[in-house]
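**Student:** turn this into a structure:
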Amino acid sequence: MNGTKAAERPSYVPRGLARTGSVLFSYGFRPFFLGAAIWAIVAMSLWIVALAGHLELGGSYGAHAWHAHEMLFGFASAALAGFLLTAVPNWTGRLPVSGWPLAGLFVLWIAGRAALLSPDAIGLAAAAAIDGLFLPALLLICAREVIAGRKWKDLKVLGGLLALSLANSCFHFAVFTGDHAHIAMRLGISAYVALVTIVGGRILPSFTRNWLNRFGRTDFPVPYNRFDTAAILAGVAALAAWTLIPEHPATAVAGLAAASLHAIRLARWRGWATWPEMLLVILHVAYAFVPLGFAAIGFGALGVFEEHSVMHVLTVGAIAAMMLAVMTRASRGHTGHPLSASRLTVASYAAVVLSALLRPLAGVLSEIATTLYAVSGSLWMLAFTLFCIEYGPILMRKRRALR
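**Tutor:** Sure, this is the predicted structure:
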């Protein structure tokens, strides 16, 4: 039986937990979570220096476009890769990609970051081409695993990856043609938020139920049903409207409707019942930025909220806070550490949530906008610095033996 399974597996795509070589490339979450956290700190530091006028960043892309791109398609794409390369094998029952194929994918991501630091040095077309390789490569890997594992319900996750690949290409095209990349940015943000609503709806109630069950409690989250499907579809409709017609009255209606549905959805998961364990609480807090983000889309369409504030509610709140929550939990769980948040971990959660709350206010409180930029950026760097301090050594060491 084992021999038959081994024969069915193509020899040219090594899989399984690498037993030799660097521990860092033994599992997808290790290099990509660490790389995402380091780049979150470095990219934000460079952006702050550029804002102060001490650095010309991004060459012909310009500092603002570089910052937006590197948060969406640099930091966030790495965090997403770490999650998918770890989660997809669990969903499909197939062995994870590790060793040299994983190292090659990670090098591809690093090459994109290096190319866009100084794109004019190698030419805009070459820089865009190098950066544009990573997301399609990740899509192909995940598609191969989902199709081989016949997990057709997970095809919607591949749709999110496809949208991200398209958004990245559109971003580069906008720069080439001299247009603003607003549509590409909104498409990229929308793809991430859609993935949060899909995957979040899978892991939040499951993790919450498991935790409550440990203590003999029966006040479980409401299982996935048609309401969840309706909420996801309403969210996708609102995101599509925001991407294409952000200031249209229809977008206001769609955004506020989606906000209401996702607020109810979050309440159905009974996050308050997990209060003693911050490793779970942060997942619910991060998801709370989804209905807040939809509400921001609605009010933005009505002219109450400016576009950059809407974007930052979604990017720093719904996306980055959820990514940090997943990064800490997965790092602990897959390395044999207790599924309980340490003080450093809780401090990192507090920093990223405060950053998510403060940054959008810069568009409303223009008189203190510069201060809010500085404080929010500092909190962002603090959150991921704390992650690196605590989880960097964990990610580079072998898994703890189970006792």
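**Student:** can I assume A237 is in contact with V253?
**Tutor:** No: the criterion here is C-beta atoms under 8 Å, and A237 misses it with V253 at 10.1 Å. No exception for glycine: its C-beta is placed from N, CA and C like everyone else's.
**Student:** distance of T92 from A250?
**Tutor:** Distance, T92 to A250, by C-beta to C-beta, to the nearest Å: 38 Å.
**Student:** so between these two, which is more surrounded?
**Tutor:** T92 (19 against 12; other C-beta atoms under 10 Å).
**Student:** list the contacts for the more buried one?
**Tutor:** Contacts for T92 were tallied using C-beta atoms under 8 Å, 6 or more residues apart in numbering; they are E145, V146, A148, G149, K151, D154.
**Student:** check R329 too.
**Tutor:** Residues counted as contacts of R329 (C-beta under 8 Å, 6+ apart) are F207, L279, L283, L339.
**Student:** leaving out chain neighbours, which residue sits closest to the second one?
**Tutor:** Spatially, and ignoring its direct neighbours in sequence, L279 is nearest to A341 (4.3 Å; C-beta to C-beta, 6 or more residues apart in numbering).
**Student:** before we move on, what about F171?
**Tutor:** Counting by C-beta to C-beta, 6+ apart, the residue nearest F171 is A184, at 3.9 Å.
**Student:** repeat that for A127.
**Tutor:** P119 (3.6 Å).
**Student:** spit out the contact partners of the one you found.
**Tutor:** When contacts are counted by C-beta under 8 Å, 6+ apart, P119 touches G58, G59, S60, Y61, A127, A128.
**Student:** which among those count as buried?
**Tutor:** Taking 16 or more other C-beta atoms under 10 Å as the criterion, what is buried in those is G58, G59, Y61, A127, A128.
**Student:** possible to save these as CSV with secondary structure, pLDDT and distance to G160?
**Tutor:** Below are the buried ones among the contacts of P119 laid out as CSV (DSSP: H, G, I helix; E, B strand; the rest coil; pLDDT from 0 to 100; distance: C-beta to C-beta, whole Å):
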residue, secondary structure, pLDDT, distance to G160
G58, coil, 92, 26
G59, helix, 92, 30
Y61, helix, 94, 25
A127, helix, 96, 25
A128, helix, 97, 22
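**Student:** of those residues, just say which sits nearest to A163.
**Tutor:** Nearest to A163 among the buried ones among the contacts of P119, counting by C-beta to C-beta, is A128 at 18.1 Å.
**Student:** quick check: I122 touching A114?
**Tutor:** No: if you go by C-beta under 8 Å, I122 and A114 don't touch, sitting 9.5 Å apart.
**Student:** and the next helix or strand past whichever helix or strand I147 is part of?
**Tutor:** Per DSSP states H and E, I147 falls inside helix 134-148. Counting by DSSP H and E, the next helix or strand C-terminal to helix 134-148 is helix 155-177.
**Student:** correct me, but G392 touches L34?
**Tutor:** Yes: between G392 and L34 there is a contact at 6.1 Å, judged by C-beta under 8 Å.
**Student:** with neighbour numbers in mind, choose between these two.
**Tutor:** For G392 versus L34, neighbours defined as other C-beta under 10 Å are more numerous around L34 (23 against 15).
**Student:** list the contacts for the closest residue to that one other than its chain neighbours?
**Tutor:** Nearest residue to L34, sequence neighbours excluded (C-beta to C-beta, 6+ apart): L395, at 4.9 Å. By C-beta under 8 Å, 6+ apart, L395 lies in contact with L24, F29, R30, P31, F33, L34, S331, T335.
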